[in-house]
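In: Requesting a structural model of the entry that follows:
(chains A and B)
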Amino acid sequence: MAIADWTRGGSGIAYQACASCKAVWYFQRGFCPACGDANPVSRQASGAGTVHARTTVARAPTEELRARAPYVLVLVDADEGFRLMAHGGPALEIGDKVQARFVDLAGKKIPYFDKA
Amino acid sequence: MSWITGVGLTAYGKHPGRGTLDLMSDAASAALADAQLERAEVDGLVCGYSTTMPHLMLATVFAEHFGLKPVYAHAIQVGGATGFALAMLAHHLIDCGVASNILVVAGENRLTGQSRDSAVQTLAQVGHPAYEVPLGATIPAYYGLVASRYMHEYGHGEGDLAELAVLMRRHASLHPGAQFREPITVETVLASKPIASPLKLLDCCPVSDGAAACVVSRSRSNNFAVRIIGTGQAHTHQHISAAASLTQFGAAASAARACHAAHVAIADIDYAAIYDSFTITLTILLEELGLAPRGAAGRLAAEGYFDYDGKLPLNTHGGLLSYGHCGVGGAMAHLVETHLQFTGRAGSRQATHTRRALLHGDGGVLSSHVSLVIERAS
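Out: Numbers count the residues shown, from 1 in each chain, chains lettered A, B, ... in the order given. Just a heads-up that it's a prediction; the model follows:
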């Protein structure tokens, strides 16, 4: 089954893992950034995680996004061991257990976390 | 070892109609006059970048424009750390014998040369183009995320951050070239409009036009006796999503390298010039560098510890937060101010008994770190 990746138009969070050194990371590439192994495995994340940091953005960078402001950005520690940036609900706090769904933002599906 | 033989700094704020090369020329002319050097005596040139005048070869463009024929010239870029990285490079080039008098110059019309949206969007590109920027992230948002975690770990309140904005404004009020000179209070900062929580408008540095320059030399060319005695860097990540920690960055490692090269300890530092793009940046850097205990930067600022006549004078020109931030020139103003302090030319901001400065800058989102130790020679 193909792995859904929101950065490529899908509704899912993809990550990579190294079979050699067991490293896990988020930004896709063709090798392991920890040991250099040339055969990383792409995996589908569950969308479950914990809020590590959060900010409410009041000053949006573009006209299109200004219509959505204020919006909450979070850094979430995914249960699989990598960290990602996403949108989140307004009441989220550091330490909250969360689950991802996918919403439209500026013509694109993006991950949005709610309290689990 | 290298000498800083001259410095130049424009006022920061609005310079309508003045472009990148105009502003760079102003600062370069001032630095050469300060160093008592002619153009023909300048044999090295290093510069950064300008967001209003992107160019593959800014150094040679400037050399041609200003009238230099250096034996060594190029540009480098590490975001906000570029100014100190240029000084570090010049220091090593002097050490290696590549050139004798190296002009370090930066400037741009970042405020009047583009729209506010354009500035915000250009700067946001330090974020990841696929994984961060499409989420509507901005530089203040990246730092807002860092702030939320750092304050969570060490117990800072928003009022603690605000104290640093108040301090920078207090210093800027004593500098005629500062962009913002009206005194502010913690209440003013807390009531300023929200940008990216917990950061509010007055927690963020402004966008400015301006330029700064210095000359780094093998030999003294005048009576000034200010020298670079140690430098260091550390680079831990580019994107905040990929940072290993939001509480430990590369600042301490970078400063340790600079102090080691200078044969000094952090305890020997009696003047601080620290990058302050946001109040949280200054808080984290002061605390990670060991210039303030964790959680205490705001309290020390409130107590006058960092005032120009305090125990550890900090950014006595007003820093990025109030003197202003024109890009690469932003942190170079910290270096210029250090030189003015060490040559007794800081006027009503003059600190006494300062002899060794730690300068520290970061680029990206606390991604690239550069430290300099600068000394007043006796």
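
In: How much space separates B:Glu41 from B:Ala35?
Out: Using Cβ to Cβ, to the nearest Å, B:Glu41 is found at 9 Å from B:Ala35. Any C-beta I mention is one placed from the backbone N, CA and C, and that applies to glycine too.

In: okay, and the common contacts of these two?
Out: Taking Cβ atoms under 8 Å, 6 or more residues apart in numbering or on different chains as the contact rule, B:Glu41 and B:Ala35 both touch B:Asn101.

In: between these two, who's got more neighbours?
Out: Neighbours per residue (other Cβ atoms under 10 Å in any protein chain shown) separate B:Glu41 from B:Ala35, with B:Ala35 holding more: 27 against 14.

In: give the contact list for the residue nearest to that one when sequence neighbours are not counted.
Out: For B:Ala35, ignoring the flanking residues on the chain, the nearest one in space by Cβ to Cβ, 6 or more residues apart in numbering or on different chains is B:Gly6 at 2.7 Å. Residues near B:Gly6 by Cβ under 8 Å, 6+ apart: B:31-37, B:214-215, B:221-222, B:224.

In: Make TSV out of those residues and add pLDDT.
Out: Output for the contacts of B:Gly6, formatted as TSV (pLDDT from 0 to 100):
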residue	pLDDT
B:Ala31	98
B:Leu32	98
B:Ala33	98
B:Asp34	98
B:Ala35	98
B:Gln36	98
B:Leu37	98
B:Cys214	98
B:Val215	98
B:Ser221	94
B:Asn222	95
B:Phe224	97
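
In: Can you pick out the ones from these that are in helices?
Out: B:31-35 (DSSP state H).

In: Spell out the secondary structure type for whichever residue of chain A sits closest to chain B.
Out: Residue nearest to chain B within chain A (Cβ to the nearest Cβ): A:Thr55, separated by 3.2 Å. Under DSSP: H, G, I helix; E, B strand; the rest coil, A:Thr55 falls in the strand class.

In: That one contacts B:Ala196, doesn't it?
Out: Yes - between A:Thr55 and B:Ala196 there is a contact at 4.8 Å, judged by Cβ atoms under 8 Å.

In: which residues do these two both contact?
Out: Common contacts of A:Thr55 and B:Ala196, defined by Cβ under 8 Å, 6+ apart, comprise A:73, B:141, B:144.

In: List the contacts of whichever residue of the stretch 201-350 of chain B sits closest to chain A.
Out: Of all residues in the stretch 201-350 of chain B, B:Ser241 sits closest to chain A, at 4.8 Å by Cβ to the nearest Cβ. Each residue near B:Ser241 by Cβ under 8 Å, 6+ apart is listed here: A:26-27, A:75, A:83-85, B:128, B:131-132.

In: again with A:Gln28
Out: For A:Gln28, the contact set (Cβ under 8 Å, 6+ apart) comprises A:5, A:7, A:14, A:16, A:42.

In: which of those tops the neighbour count?
Out: A:Gln16 (21 neighbours).

In: what about the residue nearest to that one when sequence neighbours are not counted, how many neighbours?
Out: Distance criterion Cβ to Cβ, 6+ apart; nearest residue to A:Gln16, sequence neighbours excluded, is A:Pro40 at 4.5 Å. By other Cβ under 10 Å, the residues close to A:Pro40 number 21.

In: before we move on, what about B:Gly344?
Out: Per other Cβ under 10 Å, the neighbour tally for B:Gly344 reads 12.

In: and the stretch 201-350 of chain B, which of its residues are near chain A?
Out: Contact residues, the stretch 201-350 of chain B versus chain A (Cβ under 8 Å from any Cβ of the partner chain): B:239-242, B:246.

In: got the residues you listed as JSON lines, with pLDDT and secondary structure columns?
Out: Formatted as JSON lines, those follow (pLDDT from 0 to 100; DSSP: H, G, I helix; E, B strand; the rest coil):
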{"residue": "B:His239", "pLDDT": "97", "secondary structure": "coil"}
{"residue": "B:Ile240", "pLDDT": "97", "secondary structure": "helix"}
{"residue": "B:Ser241", "pLDDT": "97", "secondary structure": "helix"}
{"residue": "B:Ala242", "pLDDT": "97", "secondary structure": "helix"}
{"residue": "B:Leu246", "pLDDT": "96", "secondary structure": "coil"}
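
In: Format those as a markdown table; extra columns: distance to B:Thr338.
Out: Shown next, in a markdown table, are these (distance: Cβ to Cβ, whole Å):
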| residue | distance to B:Thr338 |
| --- | --- |
| B:His239 | 31 |
| B:Ile240 | 29 |
| B:Ser241 | 34 |
| B:Ala242 | 33 |
| B:Leu246 | 29 |
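
In: Buried ones from the residues you listed, can you make that a ChimeraX selection?
Out: Filtering these down to the buried ones (16 or more other Cβ atoms under 10 Å in any protein chain shown) takes a single ChimeraX command:
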select /B:239,240,241,242,246
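
In: quick one: which of the residues of the stretch 201-350 of chain B next to chain A is nearest B:Leu335?
Out: B:Ile240 (26.6 Å; Cβ to Cβ).

In: before we move on, the earlier item: and of the ones in helices among the contacts of B:Gly6, the nearest to chain A?
Out: Distance to chain A, by Cβ to the nearest Cβ, is smallest for B:Ala31 among these, at 35.1 Å.

In: Of the contacts of B:Gly6 - the most surrounded one?
Out: Counting neighbours by other Cβ under 10 Å, the top entry in the contacts of B:Gly6 is B:Cys214, with 32 neighbours.

In: Could you list everything that one pairs with in the sheet?
Out: Per DSSP bridges, the residues bridged to B:Cys214 are B:Val7, B:Val104.

In: Report how many residues lie close to A:Ala19.
Out: A:Ala19 has 11 nearby residues by other Cβ under 10 Å.

In: Am I right that it is in contact with A:Ser42?
Out: No - because the distance of 11.8 Å does not satisfy Cβ under 8 Å, A:Ala19 is recorded as not touching A:Ser42.
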